[in-house]
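Trainee: The sequence and its predicted three-dimensional model are supplied below.
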Amino acid sequence: MWNQVYNPFGNAAFSTIAAAIPVVTLLVLIASGKVKAHIAAIIALITANLIAIIVFTMPAGMSVRASLLGVVAGFFPIGWIVLNVIYLYQITVITGKFELLKRAVGGVTEDRRLQLLLIAFSFGAFFEGASGFGTPVAITGSVLIGLGFSPLAASGLSLIANTAPVAYGALGTPIQGLASVTGLDPYILGAMVGRQLPVFSLIVPFWVVWAFAGWKGMKDVWPAILVTGVSFAIPQFVISNFINPWIVDIGASLISMGCLILFLRVWQPKVLWLSPALRGRDESASTMTPAKAMDKTPLTQAELWSALLPWIIVCIVMLIWGNGTFKTWANSIFTWNYPVPDLHNMINKVPPVAAKPTPEGAVFGFTYLSFTGTGMLIAAIISGFMMGLSPTRMIAEYGRTIRLCAISLITISAMLAIGTLTRLSGVDATLGLAFAATGVLYPFFGTLLGWLGVALTGSDTASNILFGNLQKITSEQLGLSPILMGAANSSGGVMGKMIDAQSIVVASTATNWYGHEGTILRFVFKHSIALACLVGLFVMLQAYVYPFTLMVLK
């Protein structure tokens with residue numbers, strides 16, 4: 001057995017600096033724009049191994065095994081989702097159904113700002129709720145680029161929009177993960193998150209449109225933005241507090257989409273915003289091919305259903321694949337769990353990160369049938385057959401999709417390897433302990449701890465599992481509500497989703513703008529920091545100014 005070491009230098013500041021080196025290396029290399037994302041990820045992975053072995057005394061064999069586990073886990077399930085989402089998109093393009101979808105969306109509104117609200121926010125929230133794990137950004141990014149948005153607008157704005165729904169993603173998986181490590185009731189944790197995020201469900205639609213079109217562009221469509229935000233935020237609060245945390249995103253997104261579409265039947269902006277590029281400097285606009293004039297002929301009912309058919313199939317399949325009963329059934333048919341030799345249960349997480357020495361599991365679960373990406377592949381195959389493609393044509397298109405995504409899949413795997421290694425080596429716990437030492441300001445910095453966790457791991461679920469118990473222990477020591485701080489970990493974490501390297505690569509792949517991850521990161525980073533700090537300030541208000549928001553949950 002090897003016990004994790006959180007202060008290898010005997011000096012918290014030096015140990016924290018050492019722990020930050022791998023992630024700082026990764027972000028700096030990507031942000032520089034001079035190093036391709038897959039090269040940056042490989043360099044950062046090598047750096048993480050050196051830090052884990054030399055500084056944090058992790059046995060070299062364990063470090064290498066942890067990295068290899070992360071590489072495989074990067075492809076299954078994350079890369080598997082991305083590959084099959086892009087495959088579905090490619091099928092809709094070659095069959096001409098995507099052109100019909102563009103006309104259908106244009107029939108609702110030609111205004112780019114309102115298309116963002118409908119696709120990036122509301123439609124994306126549905127896929128976050130149904131499957132999560134990179135699916136919404138992959139889908140909304142590909143749809144927006146197909147609608148004619150610039151690559152930076154399509155990728156960056158999809159990342160910003162996919163924040164408020166993340167805490168309830170994949171049918172509430174982050175909440176369940178948080179409950180599993182804290183021992184707190186998932187219904188109570190979900191309710192508390194539902195007292196934090198609805199505020200930001202109101203803010204984020206305004207924020208997305210402002211980031212795209214500027215203050216005046218946002219102000220001119222404020223009624224539609226308000227309808228979108230309110231119709232999402234109120235159901236988000238009601239469902240999370242009075243029903244359950246599992247169906248929050250599904251219910252809120254469907255209500256939001258319906259309300260926005262109905263509202264746009266009676267209201268449209270006086271001046272349409274037709275520019276596909278970000279207001280101000282958008283270097284990606286020069287890479288775009290001139291857009292063809294869109295056919296404005298109203299779709300027939302048959303054409304409309306034909307355009308929506310692939311996405312209806314995806315919605316149905318994703319709802320099935322996200323259901324716990326289906327997963328249990330599917331896993332009973334096909335499950336292969338591989339405990340990594342000399343790694344699984346051979347590492348102890350120790351106090352103060354855990355209440356007592358706790359073995360860290362290292363099992364690769366190859367539950368192929370229940371993977372979200374498998375559901376996406378099945379949806380794509382069904383759609384292909386229903387759109388008249390032959391098996392030979394679909395196989396050939398799948399081969400082209402693999403070639404298109406190959407470098408991105410390598411990058412995603414390398415990045416998840418970094419996250420897996422830093423978790424098992426205790427490097428990320430060292431960073432977490434630095435946040436936990438902030439005393440009276442802990443509600444603010446504890447929220448940012450959740451943000452850091454998602455930025456490191458790419459997953460709100462992983463961040464909750466990583467730091468959930470630390471939040472509970474620290475909050476109890478400081479006399480704060482462990483429910484509040486557990487929820488804050490998840491709510492703060494959602495704002496880190498837009499800057500985690502894995503999501504950025506998903507976005508660049510979906511928009512066919514691979515190689516420009518640094519530009520995307522530089523664009524979204526300031527938005528991520530600002531929104532995370534706003535969540536932290538809101539949690540501070542809950543902790544010290546408006547404690548009545550916690551009363552029912554005590």
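Mentor: Perfect, thanks for sending it.

Trainee: What does Asn348 show for phi and psi?
Mentor: Asn348 adopts backbone torsions of phi -100, psi 130, taken as degrees, to the nearest 10.

Trainee: That one bridge partners, please.
Mentor: Beta-bridge pairing for Asn348 (DSSP bridges): Asn3, Pro359.

Trainee: I figured it was touching Gly361, is that so?
Mentor: No - with contact defined as Cβ atoms under 8 Å, Asn348 does not count as touching Gly361 (11.8 Å). For every residue, glycine as well, the C-beta is placed using N, CA and C.

Trainee: show me what contacts the residue nearest in space to the middle of the chain?
Mentor: Note on the chain: the residue nearest the mean C-alpha position is Lys497, at 4.8 Å, using Cα atoms, centre = their mean. Neighbour list for Lys497: Leu159, Asn162, Thr163, Val166, Val454, Gly458, Asp460, Ser503 [criterion: Cβ atoms under 8 Å, 6 or more residues apart in numbering].

Trainee: so which helix or strand takes in the last one?
Mentor: Secondary structure assignment for Ser503, by DSSP states H and E: helix 501-510.

Trainee: Which other helices and strands does that helix contact?
Mentor: Contacts defined by 3 or more Cβ pairs under 8 Å, 6 or more residues apart in numbering; DSSP states H and E place helix 501-510 against helix 12-32, helix 37-50, helix 80-94, helix 135-146, helix 151-161, helix 391-425, helix 517-540.

Trainee: average model confidence for the longest one?
Mentor: So the one you mean is helix 391-425. With pLDDT averaged residue by residue, helix 391-425 scores 89.

Trainee: That helix: which residues count as buried?
Mentor: For helix 391-425, burial by neighbour count (16 or more other Cβ atoms under 10 Å) applies to 394, 397-398, 401, 404-405, 407-425.

Trainee: so where do the helices sit in the stretch 51-200 of the chain?
Mentor: Along the stretch 51-200 of the chain, the segments classed as helices by DSSP state H, counting those that start in this stretch run 60-73, 80-94, 97-108, 112-116, 124-130, 135-146, 151-161, 169-182, 186-193, 197-219.

Trainee: got TSV for those helices, with mean neighbour count, mean pLDDT and distance to Ile483 too?
Mentor: Output for the helices of the stretch 51-200 of the chain, formatted as TSV (neighbours: other Cβ atoms under 10 Å; pLDDT from 0 to 100; distance: least, Cβ to Cβ, whole Å):
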stretch	mean neighbour count	mean pLDDT	distance to Ile483
helix 60-73	19	94	30
helix 80-94	23	88	32
helix 97-108	18	85	41
helix 112-116	25	96	34
helix 124-130	29	89	23
helix 135-146	28	89	27
helix 151-161	29	96	28
helix 169-182	25	85	9
helix 186-193	24	94	5
helix 197-219	21	97	15
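
Trainee: ok so, going back, who wins for proximity to Pro186 among the helices and strands packed on helix 501-510?
Mentor: Closest approach to Pro186 among the helices and strands packed on helix 501-510 (Cβ to Cβ): helix 517-540, 19.3 Å.

Trainee: Report the angle between the closest one and helix 37-50.
Mentor: 60 degrees (axes from the mean of the first three to the mean of the last three Cα atoms, to 10 degrees).

Trainee: for helix 517-540, what is the average pLDDT?
Mentor: The model assigns helix 517-540 a mean pLDDT of 96.

Trainee: nearest residue to Leu272 other than its sequence neighbours?
Mentor: Asp111 (4.9 Å; Cβ to Cβ, 6 or more residues apart in numbering).

Trainee: quick one, what contacts that neighbour?
Mentor: By Cβ under 8 Å, 6+ apart, the contact list for Asp111 reads Val221, Gln268, Pro269, Leu272, Trp273, Leu274.

Trainee: So which of these sit within strands?
Mentor: If you go by DSSP state E, these have nothing in strands.

Trainee: Please indicate which of those residues are buried?
Mentor: Val221, Gln268, Pro269, Trp273.

Trainee: got CSV for those residues, with pLDDT and distance to Ala44 too?
Mentor: Putting these into CSV (pLDDT from 0 to 100; distance: Cβ to Cβ, whole Å) gives the following:
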residue, pLDDT, distance to Ala44
Val221, 97, 40
Gln268, 93, 47
Pro269, 95, 44
Trp273, 95, 39
